[in-house]
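Peer 1: Mind looking at a prediction? Sequence and model below.
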Amino acid sequence: MLNNKITGVRGMEILDSRGNPTVRVYVELSDGTEAVASVPSGASTGENEAVELRDGDKSRYGGKGVLKAVENVNKVLSEVVMGMPAHEQALIDKKMIEADGTENKSNLGANAILGVSMAVARAAAESAKVPLYQYLGGAGARRIPVPCMNILNGGEHADNSVDIQEFMAIPVGAPNFREGLRYVAETFHTLKGILKKRGLSTGVGDEGGFAPNLKSNEEAVETIIEAIEKAGYKPGEDIAIGLDSAASSFSTDLKGSYELKWSGGGKKTDDDLIALGEEWISKYPIILWEDPLAEADWEGFRKFTAKLGDKVEVVGDDIFVTNVKFISRGIKDGTANSSLIKLNQIGTVSETIEAVRMCRDAGWRYFISHRSGETSDAFLADFAVAMDGGHLKTGSASRSERLAKYNRLLEIENELGSAALYYWK
Ligand code: PGA
Ligand code: ZN
């Protein structure tokens with residue numbers, strides 16, 4: 001019998017990479033194992049995400065404190081999971097979901113529940129003396145994800161004139177992860193030089209990418225292509241491009257109406273955006289496009305996928321919120337061909353695994369992701385290897401909360417040695 005019963009659970013309020021409070025949870029086991037996990041937090045959140053419980057007390061952190069969530073960890077969730085064997089992840093998560101009793105975890109808070117869920121997984125792995133990626137992914141976990149590096153930020157992640165939230169450099173032609181990381185990190189540095197030379201800002205946005213005031217989104221893509229070439233790589237062959245429009249952030253009704261600052265600006269319909277997408281995909285080496293339409297624009301998404309889904313990975317983020325209820329509808333309707341996967345959108349490790357399984361069963365891809373508000377916790381790196389999705393996004397080559405994940409992936413690749421796999425598809 002494994003001696004890994006949960007003997008202690010304790011939460012505390014810490015700060016995330018934006019300086020906002022978030023939840024950290026410590027878990028202790030009967031064999032003396034201690035593990036800790038910290039919960040991330042988004043900015044351009046989907047309306048149907050599990051609820052991040054915040055105090056609302058304006059006298060602390062403008063209402064963003066998480067003391068209630070911490071109290072829920074200490075007083076409620078600790079009672080629920082106490083004495084359970086830590087490897088019973090699915091049962092532990094189920095008990096916490098039942099204790100919450102709501103569909104969106106608004107009672108105890110997805111931040112409280114996820115903190116316990118992640119810390120339990122880590123404790124179970126440590127107790128079993130296997131790395132977290134192997135504990136969650138099994139003996140076959142050996143594929144290091146291609147790093148889709150967000151080197152230029154716009155939208156709600158930056159105060160600039162660019163509507164598209166993320167411009168990612170994807171090292172599809174690299175032989176392994178560490179070389180892939182080098183390709184895109186060098187592109188990031190080269191991009192800095194180009195921006196500097198043009199007198200543009202080299203300050204970074206929330207995910208560590210540059211946030212210059214460019215004249216248009218086209219200029220952003222073209223400048224990235226220039227940086228790829230100047231860094232010595234072939235666009236499309238060595239390094240391709242991925243975008244996250246986060247289109248909900250420039251939609252006026254979250255359905256078919258949009259208002260842009262760029263590309264001529266003004267009001268656009270979903271058909272306008274699809275036409276623009278088609279033009280861009282024919283001109284630029286774009287292989288992945290996340291949230292090209294807004295979260296309630298199911299029909300726009302479907303049309304985009306019908307037209308362009310054979311050319312690019314169409315990823316749904318705000319529309320699916322890592323929730324099998326919405327992903328299953330997407331699979332049935334042909335809304336996309338991939339889902340973004342964010343642990344805190346759904347709120348437990350085992351529900352996140354369910355979302356991944358659903359995508360895999362449907363022949364969809366799934367794209368493991370950090371949040372714009374992060375901590376130094378590198379849980380995501382192990383999780384991405386365990387889920388075998390082949391790619392992840394965890395920001396740029398700056399800001400330690402982003403590098404923590406890349407560095408952990410380097411460590412995992414090193415540990416796996418020649419058994420490590422790396423390929424785009
Ligand atoms: P968020 O952004 O973490 O602010 O939601 C990430 C994304 O939209 O993919
Ligand atoms: Zn997104």
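Peer 2: Perfect, I can see it now. Ligands and ions are numbered 1, 2, ... in the order given.
Peer 1: quick one: average confidence on the longest helix along the chain?
Peer 2: Counting residues, the longest helix found in the chain (DSSP state H) is helix 177-197. The predicted model assigns helix 177-197 a mean pLDDT of 98.
Peer 1: May I see the buried residues of the next helix or strand along the chain from it?
Peer 2: Using DSSP states H and E, the helix or strand that follows helix 177-197 in sequence is helix 217-230. Judged by neighbour count (16 or more other Cβ atoms under 10 Å), helix 217-230 contains these buried residues: 217, 218, 220, 221, 223, 224, 225, 227, 228. (Glycine included, C-beta is placed from N, CA and C.)
Peer 1: Check stretch 409-422 too.
Peer 2: Buried positions in stretch 409-422, judged by neighbour count with 16+ other Cβ under 10 Å: 409, 410, 412, 413, 416, 420, 422.
Peer 1: Give me the domain ranges for the chain.
Peer 2: According to automatic domain parsing, the chain is divided into the following domains: 6-129, 146-419.
Peer 1: Can you add pLDDT and secondary structure and give the buried residues of stretch 409-422 back as CSV?
Peer 2: Shown next, in CSV, are those (pLDDT from 0 to 100; DSSP: H, G, I helix; E, B strand; the rest coil):
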residue, pLDDT, secondary structure
409, 98, helix
410, 98, helix
412, 98, helix
413, 98, helix
416, 98, helix
420, 98, coil
422, 98, coil
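Peer 1: Closest to ligand 2 out of those?
Peer 2: Minimum distance to ligand 2 across those is 20.4 Å, recorded for residue 409 (Cβ to the ion).
Peer 1: Which residue, other than its chain neighbours, is closest to the closest one?
Peer 2: Leaving aside its sequence neighbours, residue 409 sits nearest to residue 381 (Cβ to Cβ, 6 or more residues apart in numbering; 4.8 Å).
Peer 1: Could you look up the SS state of that neighbour?
Peer 2: Here residue 381 takes the helix state, with states given by DSSP: H, G, I helix; E, B strand; the rest coil.
Peer 1: isn't it right next to residue 412, touching?
Peer 2: Yes - with contacts counted by Cβ atoms under 8 Å, residue 381 reaches residue 412, the gap being 6.7 Å.
Peer 1: can you state the direction angle for the helix or strand hosting residue 401 and helix 177-197?
Peer 2: In this structure, residue 401 is located in helix 400-416 according to DSSP H and E. For helix 400-416 against helix 177-197, the angle between stretch directions is 150 degrees (axes from the mean of the first three to the mean of the last three Cα atoms, to 10 degrees).
Peer 1: quick revisit: can I get the domains of the chain in JSON lines with distance to residue 140?
Peer 2: Rendered in JSON lines, the data for the domains of the chain read as follows (distance: least, Cβ to Cβ, whole Å):
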{"stretch": "domain 6-129", "distance to residue 140": "16"}
{"stretch": "domain 146-419", "distance to residue 140": "7"}
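Peer 1: Can you lay out those domains as a markdown table showing distance to ligand 2?
Peer 2: What follows is the domains of the chain, written out as a markdown table (distance: least, Cβ to the ion, whole Å):
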| stretch | distance to ligand 2 |
| --- | --- |
| domain 6-129 | 6 |
| domain 146-419 | 3 |
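Peer 1: Out of those domains, the one nearest residue 138 is which?
Peer 2: When these are compared for distance to residue 138 using Cβ to Cβ, the nearest one is domain 146-419, at 7.9 Å.
Peer 1: Start and end of the closest one, how far apart?
Peer 2: The straight-line separation of the ends of domain 146-419 (Cα to Cα, to the nearest Å) is 16 Å.
Peer 1: Ok, stretch 161-173 next?
Peer 2: 31 Å.
Peer 1: Let me know the average pLDDT across that stretch.
Peer 2: 94.
Peer 1: Just the CA atoms of stretch 284-296, as PDB, please.
Peer 2: Backbone C-alpha positions of stretch 284-296 (Å, rounded to 0.1, in the frame of the first residue of the first chain) are rendered in PDB as follows:
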ATOM      1  CA  TYR A 284       2.100  34.800 -44.700                       C
ATOM      2  CA  PRO A 285       3.400  31.500 -43.300                       C
ATOM      3  CA  ILE A 286       0.600  31.200 -40.800                       C
ATOM      4  CA  ILE A 287      -0.100  27.700 -39.500                       C
ATOM      5  CA  LEU A 288      -2.200  28.300 -36.400                       C
ATOM      6  CA  TRP A 289      -4.900  30.800 -35.700                       C
ATOM      7  CA  GLU A 290      -6.600  31.100 -32.300                       C
ATOM      8  CA  ASP A 291      -9.900  32.800 -31.600                       C
ATOM      9  CA  PRO A 292     -10.200  34.400 -35.100                       C
ATOM     10  CA  LEU A 293     -13.800  35.200 -34.100                       C
ATOM     11  CA  ALA A 294     -15.500  36.100 -30.900                       C
ATOM     12  CA  GLU A 295     -16.600  33.600 -28.200                       C
ATOM     13  CA  ALA A 296     -20.400  33.600 -29.100                       C
END
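Peer 1: Give the rounded mean pLDDT of it.
Peer 2: 98.
Peer 1: Return the set of buried residues in it.
Peer 2: Going by neighbour count (16+ other Cβ under 10 Å), the buried part of stretch 284-296 is 284-296.
Peer 1: tell me the two of the residues you listed that are most distant?
Peer 2: Using Cβ to Cβ, the buried residues of stretch 284-296 span at most 30.3 Å, a distance reached by 285 and 296.
Peer 1: Am I right that residue 396 is in contact with residue 406?
Peer 2: No - using Cβ under 8 Å as the test, residue 396 is too far from residue 406 to be in contact (9.6 Å).
Peer 1: Compare those two and say which is more crowded by neighbours.
Peer 2: Set side by side, residue 396 and residue 406 show unequal neighbour counts under other Cβ atoms under 10 Å, the larger going to residue 396 at 27 against 23.
Peer 1: And that one, how far from residue 23?
Peer 2: Distance of residue 396 to residue 23, given as Cβ to Cβ, to the nearest Å: 25 Å.
Peer 1: that older thread, of the domains of the chain, which approaches residue 137 most closely?
Peer 2: Judged by Cβ to Cβ, the one of the domains of the chain that comes nearest to residue 137 is domain 146-419, at 3.0 Å.
Peer 1: show me what contacts the residue of the stretch 51-200 of the chain found nearest ligand 1?
Peer 2: Nearest to ligand 1 in the stretch 51-200 of the chain, going by Cβ to the nearest ligand atom, is residue 165, at a distance of 5.9 Å. Shown in contact with residue 165 (Cβ atoms under 8 Å, 6 or more residues apart in numbering): 44, 153, 154, 155, 156, 157, 244, 245, 246, 249.
Peer 1: which of those are close to ligand 1?
Peer 2: Contacts with ligand 1 are made by 44, 244, 246 out of the contacts of residue 165, judged by Cβ under 6 Å from any ligand atom.
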